[in-house]
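S.K.: sequence below, structure please.
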Amino acid sequence: MWMYKQNAGGDWMNMTHYMELLAVNQPWNLILFMAIPVALAETIAITELAILFTRRFDGMIRKVNKICSIIVGIYFLGIFIYLLVSAVIPFTLNGEWRGWIDIIAVGFYLVGVIPLLGLSLIDLGIIGRRWSEEQKLKYHSTFVGIFLVVAHIAMIFGMLDPSIGGDHSHHMHM
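M.R.: Now for the predicted structure:
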């Protein structure tokens, strides 16, 4: 599936599966797994701030916010299912995790499905249908904040060399 890359000196770079996913199949994996969900989440965060300041629950800003929220939740659910089936389960069954740092990076990335799906469910009227606009805004903002936290934890741990956490394997994974 994913493979370690060699650096210019011929040494194997030890990276988390998270970072490897983003590094291979350039630029497509970076676009599909990082750029699209992050651009949508950042659009939601920015429009969320405008809604918080203006308290306008109608108009173009809210429409953009709602559309992005619905798209990103459904999109990321697809990513979650794909990575669970193609990576998490096989890595777990085959003992291919690159230590606890690797697990945290991938785990926190995938936990992002909870707040992103929450945004979609609110804006689709599946949850909170009877909530006031203020109540929806509170939950919506909370979900955006939670996503930003888990995404940044995933990125920080994803950029670490897993060997500093005790993993010293340099196996190729095909």
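
S.K.: residue 141 in helix, strand or coil?
M.R.: Counting by DSSP: H, G, I helix; E, B strand; the rest coil, the backbone at residue 141 sits in helix.

S.K.: what is the neighbour count of the closest residue in space to residue 90 that isn't next to it in sequence?
M.R.: Distance criterion Cβ to Cβ, 6 or more residues apart in numbering; nearest residue to residue 90, sequence neighbours excluded, is residue 96 at 7.1 Å. Glycine gets a C-beta too; all of them are placed from N, C-alpha and C. Other residues within reach of residue 96, judged by other Cβ atoms under 10 Å, total 16.

S.K.: now do the SS call for residue 96.
M.R.: coil.

S.K.: make sure it is actually in contact with residue 89.
M.R.: No. With contacts counted by Cβ atoms under 8 Å, residue 96 stays clear of residue 89, the gap being 10.8 Å.

S.K.: torsion angles phi and psi at the residue nearest to residue 90?
M.R.: For residue 96, the backbone dihedrals (degrees, to the nearest 10) come out as phi -100, psi 10.

S.K.: from residue 128, how far out is it?
M.R.: 40 Å (Cβ to Cβ, to the nearest Å).

S.K.: cool, and residue 62?
M.R.: Distance from residue 62 to residue 128, by Cβ to Cβ: 15 Å.

S.K.: which one's more surrounded, the two?
M.R.: The residue with more neighbours, out of residue 62 and residue 128, is residue 62; 19 against 16, by other Cβ under 10 Å.

S.K.: report the secondary structure state of the spatially most central residue of the chain.
M.R.: The residue lying closest to the centre of the chain (Cα atoms, centre = their mean) is residue 109, at 4.3 Å. Three-state assignment for residue 109 (three-state DSSP): helix.

S.K.: okay, now the closest residue to it other than its chain neighbours: neighbour count?
M.R.: Among residues not flanking residue 109 along the chain, residue 154 sits closest, at 3.9 Å (Cβ to Cβ, 6+ apart). Using other Cβ under 10 Å, residue 154 has 21 other residues around it.

S.K.: tell me how far residue 154 lies from residue 41.
M.R.: 12 Å.

S.K.: same thing with residue 102?
M.R.: Look at residue 102 and residue 41: by Cβ to Cβ, they are 23 Å apart.

S.K.: which of these two has more neighbours?
M.R.: residue 102 (25 against 22).

S.K.: contacts only, for that one.
M.R.: By Cβ atoms under 8 Å, 6 or more residues apart in numbering, the contact list for residue 102 reads 16, 17, 18, 162, 165, 167.

S.K.: next up, the contacts around the fourth one.
M.R.: Going by Cβ under 8 Å, 6+ apart, residue 162 touches 14, 15, 16, 98, 99, 101, 102.
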